[in-house]
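>>> Could you look at this predicted model? Sequence included:
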Amino acid sequence: MIKIENLHKSYKMGSNSLHVLKGINFKAEAGELVAIMGSSGSGKSTFLNILGMLDEADEGTYTLDEVKIEKLDETKAAEYRNKFLGFIFQSFNLINYKSAVENVALPLYYQRVPRKERLQKALSYLERVGLKPWANHLPSELSGGQKQRVAIARAMAAEPKVLLADEPTGALDSQTSYEVMDLIQKINDEGNTILVVTHENEIAHMCKRVVYLKDGVIVEDKKVEQVRASQYVK
Amino acid sequence: MLSRDTWKEIFDTIRKNKLRTFLTGFTMAIGILIVVILVGFTNGLQNTFQEFFGDDSTNTFFIFPGRTSMPYKGYKSQRRIELDNSDLEDLSNNFALFIDYITPRISRSSNVSYKNESNNYTNRGVAPSHRINEKTIMMKGRYINELDIKQKTKNAVIGRLVEIDLFNGEDALGKFISLGNSIFKVVGVYQDDGGDNEERIIYIPYTTRQRIEKGNDKLNEIIIGFKPSIGYAGALTLEKNVTKFLKEKKFIAREDRSGIFVRNLAEELKQTQQLATVLGLIALFFAVGTIIAGIIGVSNIMIFVVKERTKEIGIRKALGATPKMVISTILIEAITITALSGFSGMLLGISILQNLGEQLEDYFIKNPYIDLGFAISATVVLIVFGTIAGYVPAKRAARIKPIVALRDE
C-alpha cells in the first residue's frame, strides 16, 4: 500500500539547514495498523506530513497504492489527498461554524458528491462513531472525545486508502483516549490501513506494528502483540 | 464552478458567520453611503453657486457712449458721442467671427396702464438676441422677433410681475397696454431668475422705440455676446479691438478714456470660472478621498477576514480542496457581501439625498444629487478593490502548506 525509499527532508532555518529525515525506507501493507514513535524532534511528524502530502520530500520516492507521488502541484496534491488520505489531527481541526454532520460531509463536497447524498453518507459515518444524536451540534458543543470521533468520521467519509492520525489522543484524557483507540482499532478490523503517530508507549502497543524514529532514521521496526483498547473502555 | 451546490455552501458560510458578514457589509455600506452623501452635498453646493452667479450670461460686453475729454482731429473736447444703428451693423460685420450675438438696448421709463391699473415701468428697446443675454425664460407667448424689428411693430413682452400688477389675474396675452403715449399688444410673458426688478421690465423692438422718438436711429448701449470659446485672453483682445474700432469711427483720441466705455464681463467670468473650478476640485477631492477611505476600510476588513480563516483554509486543503476552490469560494463570498451591502448603501444614500431635497438650502446646499452612473461606478470600484484586497491574502493563504496553516498557535 505504502512504499517509501530513501526519503530525505531538511528545513532551512536562516543560513542553517536542519536535516530532519535522513534516508527513510518504509513499507506498509493494506490493513496494517502502524504506530510511528519517537521523541520530539525525531522527525515523526515530518514523516507523517510527507506521507499525507501536506509537505514535500527533498529526495526519495513515495508510492501510494501503486501511484507514484511526485512533482505535486497544489491542485494535484489536493486531488490525491482527497482520494487517498484521511486525516486525524491532535487538535481535531473541525470547522467551528459547521455542525458535526456538515464537517463530516466536507470531504465529500470536494468530491462533488451531491448535497443530499453526502449528508446522508455523513450521517451514517457519524452513526458508526456513535454520534448520530449530535449530528446537528456545533464542535463547540461537543466534548474533546466527541470532537475527535467527528474528526475520525470525517477522515473516513471520503473512503480513503490510508488514515493518518497525528497524535490522535494527544489532547485527550486517558479514558477518552481508550475510546478513540478502540474506534481506531475497530476501523482497522474492517481492513483499513492506519498510521498513528504517537509518543505514548501505551497507545503504540494498541497498534499491530511499531516503528521507532530517532534523529531522522528508523531505528527499530517490529510487530507487537496488539492490546485491545475495548477492555479499558467503561 | 458556480454550481448550485457552491452557492449553497457560500450562503451557508455567510449565514453562519454573522459577525464577519455584518462587519464586511457594514464597512462597505457605510463607505459607499458616505461617498454618495458627500458627493451629493458638494453637487448641492455647486447648484447654489450656479444660482448665485448664473443668472446673466457672463460672456458679454456692454458698450456705452460718453463725452470726449480731449480735442481730436478738429473736434472739440466735451463732445457728446452717440451710438446708432450703423455701429450695430459695423460691429456685427467686422467682428462676426468672435461674436455670438449682438443687441442694442434703449432703456426708458414710462407710465404703463391697462384698464384702471397703471404704474411706471422700465422698458427696453431690444433685438431678439437680448433674450440670450438676460437668460429670459418665456412663460407664455413669444419674445421679440426679427419681424417685429423689421416692421417696427407695437408688440411688447412683459415680465411676470407686470402681468400680476396690471392684469389682476387676467391673461395678459393678446391684450393691449398703453406705454407712454402708444398702444402695445402683449405678445409674451417671461420670468427671470434675476429677482423682482428683472421681472418688472417691458421689452419692445428697438426699432419701434426709435420710431416713437421721431424716427431717429440712436442707441443707448450695445451689448455684445462673444463666443465663450475665445476664452479670457480672446475676450480682452476683442474688447481692445472693438474700442479701437469705435474710437476711430467716432473720431475719438486713442488716449481718450471717456468717449466710449466698455464694460467687459469677461473679468467677472474669469473669477466665476475660477471659483467653479475650485469648487469642482473640492468636490472631486471629497469624492476621491471618501472612495479611498472606503477602499482602505473594505481592504482592511477583507485582509482581516482572510487572516481569520487561515486555519479553515488549511483544513479545507487537507480535506482535498484545491487552491483554486479555496480562493474562489472566499472571493465569491466577499463579492456577494460587498455587492449586496454596497448597492444597498448606495440606494440608501440616494434616497437620503432625495428626501433632503430643499431642506438644506439655508446651508447653501440646494438639490443635492448624485449622478447614478457615478454612484454605481464608485460602488463597483469599492467592490473591485475589496476583492483585490481579499484576493492577495486569500491567494497567499491558499498557497501556504496545509501543515503550516494547521499548526497549533
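Structure received.
>>> end-to-end on stretch B:364-376?
26 Å (CA to CA, to the nearest Å).
>>> Now do that stretch: everything it contacts.
Applying CB atoms under 8 Å, 6 or more residues apart in numbering or on different chains, the external contacts of stretch B:364-376 come out as B:32, B:35-37, B:39-41, B:43-45, B:47-48, B:51, B:287, B:346, B:349-350, B:353-354, B:356-358, B:360. The way it works is simple: take the backbone N, C-alpha and C, and place the C-beta from them, glycine included.
>>> so how far is it off the chain centroid?
With CA atoms, centre = their mean, to the nearest Å as the basis, stretch B:364-376 stands 12 Å off its chain's centre.
>>> Stretch B:261-273 too?
For stretch B:261-273, the distance to the chain centre is 18 Å (CA atoms, centre = their mean).
>>> Export only the CA atoms of it, formatted as PDB.
Extracted C-alpha coordinates of stretch B:261-273, given in PDB (Å, rounded to 0.1, in the frame of the first residue of the first chain):
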ATOM      1  CA  PHE B 261     -17.000 102.900 -22.300                       C
ATOM      2  CA  VAL B 262     -16.800  99.100 -22.500                       C
ATOM      3  CA  ARG B 263     -17.800  97.000 -19.600                       C
ATOM      4  CA  ASN B 264     -16.400  93.600 -20.000                       C
ATOM      5  CA  LEU B 265     -17.900  90.800 -18.000                       C
ATOM      6  CA  ALA B 266     -15.100  88.500 -19.100                       C
ATOM      7  CA  GLU B 267     -13.200  89.600 -16.000                       C
ATOM      8  CA  GLU B 268     -16.200  88.500 -13.900                       C
ATOM      9  CA  LEU B 269     -16.500  85.400 -16.000                       C
ATOM     10  CA  LYS B 270     -12.900  84.500 -15.200                       C
ATOM     11  CA  GLN B 271     -13.500  84.800 -11.500                       C
ATOM     12  CA  THR B 272     -16.700  82.900 -11.700                       C
ATOM     13  CA  GLN B 273     -15.000  80.200 -13.600                       C
END
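>>> Tell me who's in contact with residue 73.
No chain was given, so I picked chain A. Contacts of A:Asp73 (CB under 8 Å, 6+ apart): none.
>>> look at chain B instead
With CB under 8 Å, 6+ apart, B:Lys73 has these contacts: B:Phe251.
>>> So B:Gln46 sits against B:Ile282, correct?
No. B:Gln46 lies out of contact with B:Ile282 (CB atoms under 8 Å); the separation is 9.4 Å.
>>> And these two? Which one has more around it.
Taking neighbours as other CB atoms under 10 Å in any protein chain shown, B:Gln46 and B:Ile282 compare with B:Gln46 leading, 19 against 13.
>>> Near chain A, which residues of chain B? Just list them.
B:5, B:8-9, B:12-13, B:16-17, B:311-312, B:314-325, B:398-399, B:401-403, B:406, B:408 (CB under 8 Å from any CB of the partner chain).
>>> Those residues in strands, which ones?
Judged by DSSP state E, the residues of chain B next to chain A include no members of strands.
>>> Buried subset of the residues you listed as a ChimeraX selection?
Typed into ChimeraX, the next command selects the buried ones out of these (criterion: 16 or more other CB atoms under 10 Å in any protein chain shown):
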select /B:9,13,16,17,311,312,314,315,316,317,318,319,320,321,322,323,325,398,401,402,403,406
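>>> ok, the helix or strand hosting A:Ala35: who's next to it in the sheet?
Following DSSP states H and E, one finds A:Ala35 within strand A:33-37. Partner strands and pairing direction for strand A:33-37 (DSSP bridges) are strand A:193-198 (parallel), strand A:209-214 (parallel).
>>> Quick one: mean pLDDT for the helix or strand that that strand is followed by?
Elements were assigned by DSSP H and E; along the chain past strand A:33-37, the next helix or strand is helix A:44-51. Averaging pLDDT along helix A:44-51 gives 87.
>>> swap in stretch B:191-200?
80.
>>> Contacts only, for the residue of chain B found nearest chain A.
Going by CB to the nearest CB, chain A is nearest to B:Gly320 of chain B, at 2.4 Å. Listed by CB under 8 Å, 6+ apart, the contact set of B:Gly320 reads A:78-79, A:81-83, A:107, A:110-111, A:158.
>>> May I have the phi/psi pair for it?
phi 110, psi 10 (degrees, to the nearest 10).
>>> List the contacts of B:Val126.
B:103-106, B:144, B:203-206.
>>> Geometric centre of chain A: which residue is closest?
A:Leu164 (1.7 Å; CA atoms, centre = their mean).
>>> With only the CA atoms kept, save the helix or strand harbouring it in CSV.
Applying DSSP H and E as the criterion places A:Leu164 in strand A:162-166. Only the C-alpha atoms of strand A:162-166 are listed here, as CSV (Å, rounded to 0.1, in the frame of the first residue of the first chain):
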residue,chain,number,x,y,z
VAL,A,162,-5.0,5.3,4.3
LEU,A,163,-5.9,7.0,7.5
LEU,A,164,-3.2,9.2,9.0
ALA,A,165,-3.5,10.1,12.7
ASP,A,166,-1.2,12.7,14.2
